[in-house]
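Novice: Next come a sequence and a model predicted from it.
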Number of protein chains: 2
Amino acid sequence: MTSNVVSPAAMLAVALDEAGKGYAEGGIPIGAALFGPDGRLLGRGRNRRVQDGDPSLHAETAAFRDAGRRPGYRGTTMVTTLSPCWYCSGLVRQFGISRLIVGECRTFMGRHEWLAEAGVDVLVLDSPECAALMTAFIAAEPALWNEDIGDEA
Amino acid sequence: MTSNVVSPAAMLAVALDEAGKGYAEGGIPIGAALFGPDGRLLGRGRNRRVQDGDPSLHAETAAFRDAGRRPGYRGTTMVTTLSPCWYCSGLVRQFGISRLIVGECRTFMGRHEWLAEAGVDVLVLDSPECAALMTAFIAAEPALWNEDIGDEA
């Protein structure tokens, strides 16, 4: 794959595939993937709170982990089905990931605007498929969702 | 342990012990720990980039992971030997960790001031031991250090 042939929609499809697998596993249905400057898939992953009992693996950190050690992230693209929380936005900012593609921010308004202000190239696709998945999940598992975003209210 | 008997210095000692173990393993010598509102140790960890080939485990995220799933973090304290980067600061902010104890910020000025502005109770101890460990490490392994903080310059 090269950057010319990997559209934002095609990148999101990888993240959405991860989210769907997470949902089928009884997990939190958020997926993400990291693509290189040349459009090559570097890593992909999904939220693993339920599956691994691991609160540190949000979809974005799982994809970042899957990509392994790298000298830098200039020119890379992180794609995620849901607007990233502070934790995952901090990851994108610290490591200088150049571009962020967000599936949707209707069900959770994360910090993608903060990243855009910091110079990250941000694209929000407003995907109905991503929103439908999260809407169904949040309605079915509100306590689990609140746990995942640290909302004790 | 209860909050009455766990001083900031005693909390830092746990993080520093983790950092020292990381250094002995040939890893990046940063350690962290998470303590509960009652002063109980919930989790501890160290940077695992070298040891596990895992770029997602900074000291703070390793300690957070070690603490396992929790309904919330109100009243908890994260202690770290080094001022936290954007990634780890985002973790603290997203999950509402109430207090942050920083060993030192001489060798790396992270985002603890951003957290303080956001309402986190921040204490910087300016530990000579923490600073000496990082100073020695950065001098010996500058490329590895730059990789860990995403500095491609």
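Specialist: Perfect, I can see it now.
Novice: make it CA atoms for all contacts and neighbour counts henceforth
Specialist: Fine.
Novice: which helix of chain A spans the most residues?
Specialist: Among the segments of chain A that qualify as a helix by DSSP state H, the longest is helix A:8-24.
Novice: contact partners of the following helix or strand past that helix?
Specialist: Using DSSP states H and E, the helix or strand that follows helix A:8-24 towards the C-terminus is strand A:31-35. For strand A:31-35, the external contacting residues (Cα atoms under 8 Å, 6 or more residues apart in numbering or on different chains) are A:11-12, A:14-20, A:22, A:41-47, A:59-60, A:62-64, A:67, A:76-82.
Novice: Which ones among these also lie next to chain B?
Specialist: When Cα under 8 Å from any Cα of the partner chain is applied, the members of the contacts of strand A:31-35 adjacent to chain B are A:62, A:64.
Novice: what's in contact with the longest helix of chain A?
Specialist: A:28-33, A:44-48, A:79-81, A:101-103, A:130.
Novice: now swap in stretch A:103-121 and tell me
Specialist: Counting by Cα under 8 Å, 6+ apart, A:12, A:79-86, A:89, A:92-93, A:97-100, A:102, A:122, A:124-128, A:130-131, A:134-135 sit against stretch A:103-121.
Novice: Show the end-to-end separation of that stretch, please.
Specialist: 14 Å (Cα to Cα, to the nearest Å).
Novice: cool, and stretch A:138-150?
Specialist: End to end - Cα to Cα - stretch A:138-150 spans 14 Å.
Novice: just stretch A:107-122 next, same as before
Specialist: End-to-end for stretch A:107-122, by Cα to Cα: 18 Å.
Novice: mind checking how far it is from the chain centre?
Specialist: 12 Å (Cα atoms, centre = their mean, to the nearest Å).
Novice: Over to stretch A:61-73?
Specialist: With Cα atoms, centre = their mean, you get 13 Å for stretch A:61-73.
Novice: Is the most centrally placed residue in chain A in a helix, a strand, or coil?
Specialist: In chain A, the centroid-proximal residue (Cα atoms, centre = their mean) is residue A:80; its distance is 2.6 Å. Residue A:80 falls in the strand class when you classify it by DSSP: H, G, I helix; E, B strand; the rest coil.
Novice: Which strand residues bridge it?
Specialist: residue A:32, residue A:102 (DSSP bridges).
Novice: Tell me the pLDDT of it.
Specialist: We note a pLDDT of 98 for residue A:80 in this prediction.
Novice: circling back to that earlier point, which of the contacts of stretch A:103-121 count as buried?
Specialist: A:12, A:79-86, A:89, A:92-93, A:97-100, A:102, A:122, A:124-125, A:127, A:130-131, A:134 (16 or more other Cα atoms under 10 Å in any protein chain shown).
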